[in-house]
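Asker: Okay, sequence plus prediction incoming.
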Amino acid sequence: MRILVVEDEKKVASFIKKGLQQEGYAADTVHDGDEAVHNAISFDYDLIVLDLMLPKRSGLDVLRETRRHKPKLPVLVLTAKGSLEEKVAGLDAGADDYLAKPFAFAELSARIRALLRRGKHQSTWLKLADLEMDTASRQVHRAGQTIDLKLKEHALLEFLLRHAHRPVTRTMIVEHVWDIHFDSISNVVDVHINSLRNKIDRGFSPPLIHTIRGVGYMLTDRST
Ligand code: CA
């Protein structure tokens, strides 16, 4: 799950980003309206947290422009304290929910979860051979056995399942499971692939995670 945080107050932006990362989301931050539109349209996000008062281009403008390209992308608007006008304008422009500043992170997080649940991720079952994942409840089973995954392992497996039978590179994995600006891609992917392998492949047959030399990885039950 990847979230775009649009907020010109850098302290607030990094506070939100850190909180989201701790909950296992990948989060990018941008600080003005132009960057916001660019990122929202060019990259694949699951949700946008959007401040309304922004330099270069207002949040409402960003919202309208984003909606034209991505009508279903959930957008949660941050409004000034008690500003009914902003709230109404935001909802009119197509926001899915709003939160008045200042807010507790726990409340933001709860609203994000609710939006993601009711969006396209509502109980999507992903399946490969005897491996199954419910993306909404975050449950994973293999051969009927429940498998406990950490947040990043879950995100990684979801990505692999969505790209089953196709090779994926480490860079693709990093961009979708971690952040665009994640620097040390060197072994973080390999480490997580190994822990995922221990959980979903060890003791089961056939192995599903395959290393593709010089490329990356592929999740498949076909022989490679
Ligand atoms: Ca602002």
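Answerer: Structure's in. What do you need?
Asker: Run the chain-centre distance for the helix or strand bottoming out on mean pLDDT in the chain.
Answerer: One helix or strand of the chain scores below all others by mean pLDDT, DSSP states H and E: helix 84-92, with a mean of 79. Centroid separation between helix 84-92 and its chain, computed with Cα atoms, centre = their mean, to the nearest Å, is 26 Å.
Asker: got the buried residues for that helix?
Answerer: Of all the residues in helix 84-92, those buried under the rule 16 or more other Cβ atoms under 10 Å are E86, K87, A89, G90. All C-beta spots, glycine's among them, are computed from the backbone N, C-alpha and C.
Asker: which parts of this structure sit against the ion?
Answerer: D8, D51, M53 (Cβ under 5 Å from the ion).
Asker: now for the longest helix seen in the chain, which elements pack on it?
Answerer: Longest helix of the chain, by residue count under DSSP state H: helix 185-200. If you count contacts as 3 or more Cβ pairs under 8 Å, 6 or more residues apart in numbering; DSSP states H and E, helix 185-200 packs onto helix 151-162, helix 170-177, strand 209-212.
Asker: show me what contacts V49?
Answerer: Counting by Cβ atoms under 8 Å, 6 or more residues apart in numbering, V49 makes contact with I3, L4, V5, V6, E7, I16, L76, L78, L108, I112.
Asker: domains for this structure, by residue range?
Answerer: 2-119, 125-219 (automatic domain parsing).
Asker: picking up where we left off before, tell me the helix or strand right after the least confident helix or strand of the chain.
Answerer: strand 97-100 (DSSP states H and E).
Asker: coming back round to it: and the contacts of V49, which is closest to the ion?
Answerer: E7 (6.3 Å; Cβ to the ion).
Asker: For the closest one, give me its contacts.
Answerer: When contacts are counted by Cβ under 8 Å, 6+ apart, E7 is found next to A13, I16, T29, H31, V49, D51, L78.
Asker: Give the bridge partners for the residue nearest to T211 when sequence neighbours are not counted, please.
Answerer: Distances taken as Cβ to Cβ, 6 or more residues apart in numbering place Y217 nearest to T211, at 6.0 Å, with adjacent residues excluded. Note on Y217: beta-bridge partners by DSSP bridges are V168, T211.
Asker: residue contacts, Y217?
Answerer: Contacts of Y217 by Cβ under 8 Å, 6+ apart are L160, P167, V168, R170, I173, I193, I209, H210, T211.
Asker: how close does the one residue in the chain that gets nearest to the ion get to V5?
Answerer: Closest residue of the chain to the ion, Cβ to the ion: M53 (3.8 Å). From M53 across to V5, the span is 15 Å (Cβ to Cβ, to the nearest Å).
Asker: neighbour-wise, which of these two wins?
Answerer: V5 (27 against 17; other Cβ atoms under 10 Å).
Asker: which other helices and strands contact the helix or strand hosting the more buried one?
Answerer: Element membership of V5 [criterion: DSSP H and E] is strand 2-6. Contacts defined by 3+ Cβ pairs under 8 Å, 6+ apart place strand 2-6 against helix 10-22, strand 26-30, helix 33-42, strand 47-51.
Asker: Where does pLDDT dip in the protein?
Answerer: 81-82, 119-123, 179-186, 224 (pLDDT under 70).
Asker: if we can go back for a sec, going by neighbour count, which of the contacts of Y217 are buried?
Answerer: Buried among those (16+ other Cβ under 10 Å): L160, P167, V168, R170, I173, I193, I209, H210.
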